[in-house]
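Novice: The sequence isn't on hand, but the structure is:
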């Protein structure tokens, strides 16, 4: 009877997990678009099978359990090249930055010029406004990417933006075009007088991180300088809702010194952006990796 009650309580926990994104078995993330269910609590898949067999199909949690079992059975495994690259990383070791950069270049195996990224796990709580981490940094050697820039401006400022190299410049017409679904660009700049109209695009630009913002220098009267900085390798960083920050620092085909200097610039900028309200260890985990390769932890 007690075991039966235990199973019933777990069913309730599963049901709550379905609704809140918590309480599902094992430590993995599942669901469409990586949103899925947050998984935790130490409940095994074996127990999930027991729940499935013990309760009728009408139980609200069983669909989630079935999803877990299907996911565990069909989850793609890492390929031979990835596993071979991962074997060259010493388990549990943290590397000095120059050593980590060298290793990332050595184990990169893709046939294309992979990006190199720094990933941070920060000791902040993004739910609090005074613990937000956001800013921009100009990489000394750029990102190695071709950046498409749009500028919302009129008159002389529109001419300045075009001369500076902006791919698309417009005013009301550009607002209408983007509202219609056009998002084939990597950065957006606006003059202050255009923000009244650009603000209507919040639902389109906001989720993509493209909304012009005075704090990042993308709402300015000096549009020419803003365009030139972005083209030269200015990147924005922002903590996500889980406390992570992802910043590109170059390409695999960059030299070790170029990647290292870009990474040092990002590390310095992120350290300066530490919120005063953040307590304890600020940078809990720092990893550098190529697009397809495994991560290398940095000391």
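Specialist: Right, received. Where do you want to start? From a predicted model like this one, the values you see are computed outputs, not experimental measurements. Residues are numbered from 1 along each chain as shown.

Novice: The residue most central in space within the chain: helix or strand, and which one exactly?
Specialist: With distances taken as C-alpha atoms, centre = their mean, the residue of the chain nearest its centroid is residue 246 (5.1 Å). Under the criterion of DSSP states H and E, residue 246 resides in strand 244-251.

Novice: that older thread, does the residue nearest to the centre of the chain have beta-bridge partners, and which?
Specialist: Bridge pairing for residue 246 (DSSP bridges) gives the partners residue 119.

Novice: Now do the strands in the stretch 151-299 of the chain.
Specialist: All strands of the stretch 151-299 of the chain, identified by DSSP state E, counting those that start in this stretch, fall at 168-170, 187-190, 234-238, 244-251, 283-290, 296-297.

Novice: Comparing those, which yields the minimum mean pLDDT?
Specialist: Among the strands of the stretch 151-299 of the chain, strand 234-238 has the lowest mean pLDDT, at a mean of 88.

Novice: Name the residues of that one that come out as buried.
Specialist: The neighbour-count check on strand 234-238 (16 or more other C-beta atoms under 10 Å) flags 234, 235, 236, 237, 238 as buried. To be clear about C-beta, it is placed using only N, CA and C from the backbone, and glycine gets the same treatment.

Novice: Give the burial count for residue 166, as a bare number.
Specialist: Other residues within reach of residue 166, judged by other C-beta atoms under 10 Å, total 27.

Novice: residues touching it, list them.
Specialist: 149, 150, 151, 189, 223, 227 (C-beta atoms under 8 Å, 6 or more residues apart in numbering).

Novice: Using a markdown table, please lay out those residues together with neighbour count.
Specialist: Converted to a markdown table, the contacts of residue 166 look like this (neighbours: other C-beta atoms under 10 Å):
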| residue | neighbour count |
| --- | --- |
| 149 | 23 |
| 150 | 27 |
| 151 | 30 |
| 189 | 30 |
| 223 | 28 |
| 227 | 27 |
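
Novice: Surely residue 133 and residue 236 touch.
Specialist: No - between residue 133 and residue 236 there is no contact under C-beta atoms under 8 Å: 11.5 Å.

Novice: who touches both of these two?
Specialist: Counting by C-beta under 8 Å, 6+ apart, nothing touches both residue 133 and residue 236.

Novice: Compare the strands of the stretch 151-299 of the chain and give me the one nearest residue 95.
Specialist: strand 296-297 (5.8 Å; C-beta to C-beta).

Novice: ok, the closest one: who's next to it in the sheet?
Specialist: Strand 296-297 has its sheet partners listed here by DSSP bridges as strand 283-290 (antiparallel).

Novice: If you compare the directions of the partner strand and strand 244-251, what angle comes out?
Specialist: 40 degrees (axes from the mean of the first three to the mean of the last three C-alpha atoms, to 10 degrees).

Novice: Show me which positions of strand 283-290 end up buried.
Specialist: Those would be 286, 287, 288, 289, 290, for strand 283-290 by 16+ other C-beta under 10 Å.

Novice: For it, give me every contacting residue.
Specialist: For strand 283-290, contacts defined as C-beta under 8 Å, 6+ apart pick out 97, 100-101, 104, 107-108, 110, 114-123, 249, 252, 263, 267, 270-271, 295-298.

Novice: which of these are buried?
Specialist: Buried members of these, scored by 16+ other C-beta under 10 Å, are 97, 100-101, 104, 107-108, 114-118, 120, 122, 249, 252, 263, 267, 270, 295-298.

Novice: just the helices in the stretch 51-200 of the chain please.
Specialist: 62-74, 80-86, 97-107, 155-164, 172-179, 195-198 (DSSP state H, counting those that start in this stretch).

Novice: Can you say which of those is packed in most?
Specialist: helix 97-107 (a mean of 19; mean count of other C-beta atoms under 10 Å).

Novice: Next, the contact list for the closest residue to residue 153 other than its chain neighbours, please.
Specialist: Beyond its immediate neighbours in the sequence, the residue positioned closest to residue 153 (C-beta to C-beta, 6 or more residues apart in numbering) is residue 191, lying 4.8 Å away. Applying C-beta under 8 Å, 6+ apart to residue 191 gives the contacts 152, 153, 154, 157, 219, 220, 221, 223.

Novice: please redo it, this time with the cut-off set to 10 Å
Specialist: 151-155, 157-158, 160-161, 171, 198, 212, 219-223, 226 (C-beta atoms under 10 Å, 6 or more residues apart in numbering).

Novice: With residue 230 instead?
Specialist: 136, 138, 147-149, 164-166, 186-189, 217-218, 236.

Novice: count of neighbours near the nearest residue to residue 215 once chain neighbours are set aside?
Specialist: Leaving aside its chain neighbours, residue 215 sits nearest to residue 134 (6.7 Å; criterion: C-beta to C-beta, 6+ apart). When counting by other C-beta under 10 Å, one arrives at 14 neighbours for residue 134.
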